[in-house]
Structure formats: structure tokens, C-alpha cells
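J.: All I have is the shape, not the residue letters:
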């Protein structure tokens, strides 16, 4: 079974804090993705990575950065958290050579106050 | 502009009846389509997919139909069960933008199956 884990299920941070969201997958997948889910907006892609140290911007990258130093780990960084970044953050992974289904982690509910 | 549209935010059906969830897309480069199911406070789980070379794919109670000329797909659940109550996301991928492994998601449809 593919397993994608995220470091926290719930997180509360203050405005201006630097926030790290960690994601780990155990299936040796090449591709990893970060999405945010907001009511009425569906899932929106923030960043994705198709290889170690490689990254590409998704549809809404502003205010975020990512890091992929190891194949199994993909981190999302909020350099200076703002209240409009309060959301559900979902990590996913997939094999290379698409199109294939992506496997999602349980999500991190981030609240920025 | 929204490339994958789920125009019904919610749908309510009786247990045992058919649930039909609809999805429209605008990008003709999309060639692979997926449905995901999401319960509250959980990540989406993959349900079923279809390639553009097919017009139907079936897996147990779930069937996806693709009408390429209309750029429309639908998910049929027969018979519907209360455990099917969840948000359903339609997603599409294609060679648009040079990446054929990115997924573009619709906004989701909340399905409620009443006992």
C-alpha cells in the first residue's frame, strides 16, 4: 500500500511565523505535489517536484516555497505566514511517466491567527 | 479560467438509487481523467480513471463515462450506499504545458446518500 504521511494533522501559527509542512512517501515515487484545499475552490496546486532538488510552480505559488533534498521527502515552507494561508494542505505523490493517479496524505489543517 | 468544472456543488440521493456526478472540461489537450473521493479531515482517495481512448470504465459499483465530443464525463454509482457520502472531485491531466502528470481538479460535488 502506498503511504503518504504528513508531519502534523493540525497546526496553529501566528502571522509572520515561518512554517514548515513536511511530507514523506514510502513508495519511491518520483513526483510529489503540494495542494491546498479551500471550500468552494477545490484543490489547487501550489508546487510540485519531479525529481530530487527539482521543483516547478503550480497555479498558486505566491507566498510559498518548497524543498526536496531526498526523494521520499517534500517540504512546503511558508516564509511569513498570513491569515489568508489558513487552509487544508494536502501532499501527494505519483510515479513518473504519467498520467497516473496521485496518492494523497491525510492533510494538515493550518490555522494562521 | 476553470478548465475542469463540476457545476453541481451538492447532490442528494436515496440509498439504493443511482448517483450521477457530472464533470465538464474545456482543455482539449486533456487525455486522462480521474475521480477522487474525499471524506472530511482526510486526504482524497483515488476511485476510478479513464483514458481518452475509451468511453467507459467500470469498477464494481462505479462506472465512469467519457463523451469527448461534448468534453463531458460522469461518474455513476449504483447502488448508492450511505458510506458513499463524501465530496467527489473530478480531475484531468494531459500534455498541456509540457507536464502530463499534473492534475487539474474541479471544485468538487458533495454527495449525500440518505438511508
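T.: That came through fine. This is a predicted model, so every value here is computed, not measured. Residues are numbered from 1 along each chain as shown, chains lettered A, B, ... in the order given.
J.: from here on, contacts and neighbour counts on C-alpha atoms
T.: Fine.
J.: who's in contact with residue A:40?
T.: Residue A:40 makes contacts with B:107-108, as judged by Cα atoms under 8 Å, 6 or more residues apart in numbering or on different chains.
J.: Need the residues that contact stretch B:59-72.
T.: Stretch B:59-72 is contacted from outside by B:22-26, B:28, B:48-50, B:52, B:54-58, B:73-79, using Cα under 8 Å, 6+ apart.
J.: Now do the end-to-end distance for it.
T.: Using Cα to Cα, to the nearest Å, one end of stretch B:59-72 lies 19 Å from the other.
J.: Once you drop chain neighbours, what's closest to residue 91?
T.: No chain specified, so I'll use chain A. Spatial nearest neighbour of residue A:91, excluding adjacent residues (Cα to Cα, 6 or more residues apart in numbering or on different chains): residue A:34 at 4.7 Å.
J.: Oops, wrong one, chain B.
T.: Nearest non-adjacent residue to residue B:91 (Cα to Cα, 6+ apart): residue B:105, at 4.3 Å.
J.: Any idea how many residues pack against the residue lying closest to residue B:42 once chain neighbours are set aside?
T.: Distance criterion Cα to Cα, 6+ apart; nearest residue to residue B:42, sequence neighbours excluded, is residue A:106 at 4.7 Å. Neighbourhood size, residue A:106 [other Cα atoms under 10 Å in any protein chain shown]: 23.
J.: wait, what's in contact with residue A:106?
T.: Here residue A:106 is in contact with A:4-6, A:9, A:90, B:41-44 (Cα under 8 Å, 6+ apart).
J.: For my notes, confirm it occurs in a strand.
T.: No: secondary structure of residue A:106 (DSSP: H, G, I helix; E, B strand; the rest coil): coil, not part of a strand.
J.: thinking again about what came up before, in contact with the residue nearest to residue A:91, which residues?
T.: By Cα under 8 Å, 6+ apart, the residues touching residue A:34 are A:45-48, A:76, A:89-92.
J.: so of these, which ones are in strands?
T.: A:45-48, A:76, A:89-92 (DSSP state E).
J.: Just the closest of these to chain B, please.
T.: Comparing those against chain B with Cα to the nearest Cα places residue A:90 closest, at 6.8 Å.
J.: Bridged to the residue in chain A positioned nearest to chain B, which residues?
T.: The nearest approach of chain A to chain B comes at residue A:42, 3.7 Å away (Cα to the nearest Cα). Using DSSP bridges, the beta-bridge partners of residue A:42 come out as residue A:38.
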